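# Attaching a predicted model along with its sequence, questions to come.
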Amino acid sequence: MTGDVTWASEEFLLEQKVEPWSEMPLWIPESDADSAGFTSINCAKAIAAGLAYRPVAETVRATLEGAKALPSDYQWRAAFRANGSVS
């Protein structure tokens, strides 16, 4: 991984009107009562039944391969634009 990581508080992100989950993937504000506990799910039963996690690099590679296999005229439902906005 290259580049700099800059940490930002939840308060700052909300003040900047950053949209959870779409503009900031995998981020849900702790203050969002509707999503309380979302990241606190106990996966012990699934792991005991054989759930396996794959490396992030493998997930990214598979995602890119899947995207490359789509028709050239595929219409994405949401996408990041060059200016950082989401369509």
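Done, it's in. Numbers count the residues shown, from 1 in each chain.
# neighbours around Trp27, how many?
By other Cβ atoms under 10 Å, 14 other residues sit near Trp27. All C-beta spots, glycine's among them, are computed from the backbone N, C-alpha and C.
# Please shift the residue numbers so they start at 457 in all later answers.
From this message on, residue numbering opens at 457, which makes the last subject Trp483.
# Provide a list of residues in contact with the closest residue to it other than its chain neighbours.
Taking Cβ to Cβ, 6 or more residues apart in numbering, and ignoring the residues beside it in sequence, Trp483 has Pro476 as its nearest neighbour in space, at 5.4 Å. Applying Cβ atoms under 8 Å, 6 or more residues apart in numbering to Pro476 gives the contacts 483-485, 488.
# Next one: the residue positioned nearest the centre of the chain relative to Ser487, how far apart?
With distances taken as Cα atoms, centre = their mean, Pro481 lies nearest the centre of the chain, 2.9 Å away. Distance, Pro481 to Ser487, using Cβ to Cβ, to the nearest Å: 18 Å.
# Likewise for Ala464?
Using Cβ to Cβ, Ala464 is found at 15 Å from Ser487.
# cool, and Ala513?
Distance, Ala513 to Ser487, using Cβ to Cβ: 32 Å.
# With Leu507 instead?
In terms of Cβ to Cβ, Leu507 sits 30 Å off from Ser487.
# need the longest helix for the chain.
Counting residues, the longest helix found in the chain (DSSP state H) is helix 512-524.
# From the chain's centroid, how far away is that one?
Here the centre of helix 512-524 is set off from its chain's centre by 14 Å, with Cα atoms, centre = their mean, to the nearest Å.
# could you dump it to CSV, C-alpha only?
Extracted C-alpha coordinates of helix 512-524, given in CSV (Å, rounded to 0.1, in the frame of the first residue of the first chain):
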residue,chain,number,x,y,z
VAL,A,512,-8.0,-8.2,1.1
ALA,A,513,-5.6,-8.4,-2.0
GLU,A,514,-7.5,-11.5,-3.2
THR,A,515,-10.9,-9.7,-2.7
VAL,A,516,-9.7,-6.7,-4.6
ARG,A,517,-8.2,-8.8,-7.4
ALA,A,518,-11.5,-10.8,-7.7
THR,A,519,-13.6,-7.6,-7.7
LEU,A,520,-11.4,-6.1,-10.5
GLU,A,521,-11.7,-9.3,-12.6
GLY,A,522,-15.4,-9.3,-12.2
ALA,A,523,-15.6,-5.6,-13.3
LYS,A,524,-13.4,-6.3,-16.3
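# Done for today, thanks.
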